[in-house]
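**Student:** Dropping the sequence and predicted coords here.
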Amino acid sequence: MRKTKSVLLLLVLLCAVGSGPALAEPDADPSADPPTLAEITLTTIPHGWSDRHDLRPELEVYPDGRAIKKPDATAADRAPDVPPRQQVGSLRADVLRAAQAEIRALSEVDFGEPQGADDSKQIIDFLPETRGQELHLIVYAPGVTAGLTPEQQDGRIRFAALYRRLLDAFVED
């Protein structure tokens, strides 16, 4: 009888210890998971276009990498009542992940507002699934540097490089 109780006690202890947190596998590090990709749009508002109501993003990239590029979205000779031409394609996931990281980093950068600037703008909108985490990067008068600090000019250079990199990464279907 004593031997049976000892065996039962040992089995109970083994079951209890085996299912306890000390022997459980640690949870995966959530920061090790790749970030969920977000929708990204690139929009340019040329000087003198503040009265036009037909502005469209030059590039719309969806979380799965599908994209729509509108190469004539800001063409001066496109009439306001004519929608921009659309190209359907995609961007690679690694390009989007790198862009996402750079957008987050650039969200902390001051791009400044140049003196005597025109009314042109370039905008990168970052729209993740989680509401309230949207980022909107705006560079006023992208071609003007008067009155900007070196740090602001560097931020604008990084912004322009990211904007160009995303446009150039588009691959038409």
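**Tutor:** Looks like it arrived, so ask away.

**Student:** For the longest helix seen in the chain, which residues meet the burial criterion?
**Tutor:** In the chain, taking DSSP state H as the definition, the longest helix is helix 150-169. Along helix 150-169, these residues count as buried under the neighbour rule (16 or more other Cβ atoms under 10 Å): 152, 155-156, 159, 162-163, 166, 169. In short, each C-beta sits where N, CA and C put it, glycine included.

**Student:** These into TSV, with extra columns for distance to I124 and pLDDT?
**Tutor:** Shown next, in TSV, are these (distance: Cβ to Cβ, whole Å; pLDDT from 0 to 100):
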residue	distance to I124	pLDDT
Q152	16	96
G155	12	96
R156	12	96
F159	7	97
L162	7	97
Y163	6	96
L166	8	97
A169	14	97
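
**Student:** Looking at these, point me to the pair that's furthest apart.
**Tutor:** Q152 and A169 (25.9 Å; Cβ to Cβ).

**Student:** distance of the most centrally placed residue in the chain from T130?
**Tutor:** Nearest to the geometric centre of the chain sits Q100, at 3.6 Å (Cα atoms, centre = their mean). Relative to T130, Q100 is positioned 13 Å away (Cβ to Cβ, to the nearest Å).

**Student:** can you check K69 too?
**Tutor:** Relative to T130, K69 is positioned 26 Å away (criterion: Cβ to Cβ).

**Student:** And these two? Which one has more around it.
**Tutor:** K69 (23 against 9; other Cβ atoms under 10 Å).
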